[in-house]
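# let's see this in three dimensions:
(one chain, ligands or ions: 2)
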Amino acid sequence: MTLTTRIGKHFEDSAQLKLQSKKVLAQPIADAAQAMVTCLMNDGKILVCGNGGSAADSQHFAAELINRFEVERPGLAAIALTTDSSVLTSIANDYDYVQIFSKQVRALGMDGDVLLAISTSGNSPSVVEAVQAAHERNMPVVALTGREGGVMASILKPTDFHICVPAKSTARIQEVHLLALHCLCDAIDHLILGGE
Ligand SMILES: O=C(CO)[C@@H](O)[C@H](O)[C@H](O)[C@H](O)COP(=O)(O)O
Ligand SMILES: [Zn+2]
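Ligands and ions are numbered 1, 2, ... in the order given. Reported below is the predicted structural model:
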């Protein structure tokens with residue numbers, strides 16, 4: 001296989017998964033967007049966490065809410081729990097890496113806030129613990145996962161929202177996660193501002 005054929009296959013696989021995911025993800029994304037708008041309109045905030053590429057996604061999403069997505073609007077309250085190296089290193093150093101997000105959720109989370117928990121496997125212990133901490137705080141969880149949702153799928157409540165990408169490859173799942181995050185941004189703006 002030439003390198004360009006190989007690269008072409010990545011494009012095709014990614015595009016196919018996106019189209020296939022549309023059928024299963026459009027409704028949970030719409031439901032999650034509605035829950036986020038309810039939270040934001042009631043002076044709540046969205047906490048976001050994930051590891052590796054999902055940490056980057058957390059920051060990407062928080063930036064689009066706090067600053068803007070595609071249209072002008074007032075900033076919306078979101079915090080990526082992946083960015084403060086002092087907080088992250090002190091928790092990992094003094095307690096355990098697994099608590100890096102859950103301790104922040106317990107410190108910052110309030111009744112009615114939303115946790116957006118991102119994990120392609122659904123099994124990252126630090127994200128699983130963040131979901132448990134959100135439940136303690138009475139916060140609805142939007143879980144962005146892949147495969148079968150892993151441990152996260154088994155601990156979500158009926159009042160949570162599960163956006164589970166039907167694929168096994170971490171990279172492919174991440175590519176659909178980014179699309180889902182942009183759909184959430186667009187849906188939130190649409191629900192708040194109206195328009196076509
Ligand atoms: O971006 C990638 C792989 O594409 C990696 O950095 C990946 O995010 C890391 O291995 C994560 O630790 C994977 O965790 P998770 O998605 O299973 O929760
Ligand atoms: Zn990646």
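
# ranges for the strands of the chain?
Taking DSSP state E, the strands of the chain run over residues 46-49, 78-80, 114-118, 141-146, 161-165.

# could you dump the ones you listed to CSV with distance to ligand 1?
Any C-beta I mention is one placed from the backbone N, CA and C, and that applies to glycine too. CSV is the format used below for the strands of the chain (distance: least, CB to the nearest ligand atom, whole Å):
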stretch, distance to ligand 1
strand 46-49, 10
strand 78-80, 15
strand 114-118, 7
strand 141-146, 8
strand 161-165, 11
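
# as CSV, those with mean pLDDT would be great.
Formatted as CSV, the strands of the chain follow (pLDDT from 0 to 100):
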stretch, mean pLDDT
strand 46-49, 99
strand 78-80, 98
strand 114-118, 99
strand 141-146, 98
strand 161-165, 98
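
# turn the ones you listed into CSV, columns for distance to ligand 2.
Converted to CSV, the strands of the chain look like this (distance: least, CB to the ion, whole Å):
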stretch, distance to ligand 2
strand 46-49, 16
strand 78-80, 17
strand 114-118, 12
strand 141-146, 12
strand 161-165, 13
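
# need those strands in JSON lines with mean neighbour count, can you?
Below are the strands of the chain laid out as JSON lines (neighbours: other CB atoms under 10 Å):
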{"stretch": "strand 46-49", "mean neighbour count": "28"}
{"stretch": "strand 78-80", "mean neighbour count": "22"}
{"stretch": "strand 114-118", "mean neighbour count": "29"}
{"stretch": "strand 141-146", "mean neighbour count": "28"}
{"stretch": "strand 161-165", "mean neighbour count": "23"}
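
# burial of the residue in the chain positioned nearest to ligand 2, as a residue count?
Here the chain gets closest to ligand 2 at one residue, residue 53, 3.5 Å apart by CB to the ion. For residue 53, the tally of surrounding residues (other CB atoms under 10 Å) stands at 17.

# spatially nearest residue to it, not counting backbone neighbours?
Using CB to CB, 6 or more residues apart in numbering and skipping the chain neighbours, the partner closest in space to residue 53 is residue 174 (4.9 Å).

# identify the bridge partners of residue 49.
Beta-bridge partners for residue 49, by DSSP bridges, are residue 117.

# who's in contact with it?
The contact partners of residue 49, by CB atoms under 8 Å, 6 or more residues apart in numbering, come to 55, 58, 80-82, 101, 104-105, 115-118, 126-127, 130.
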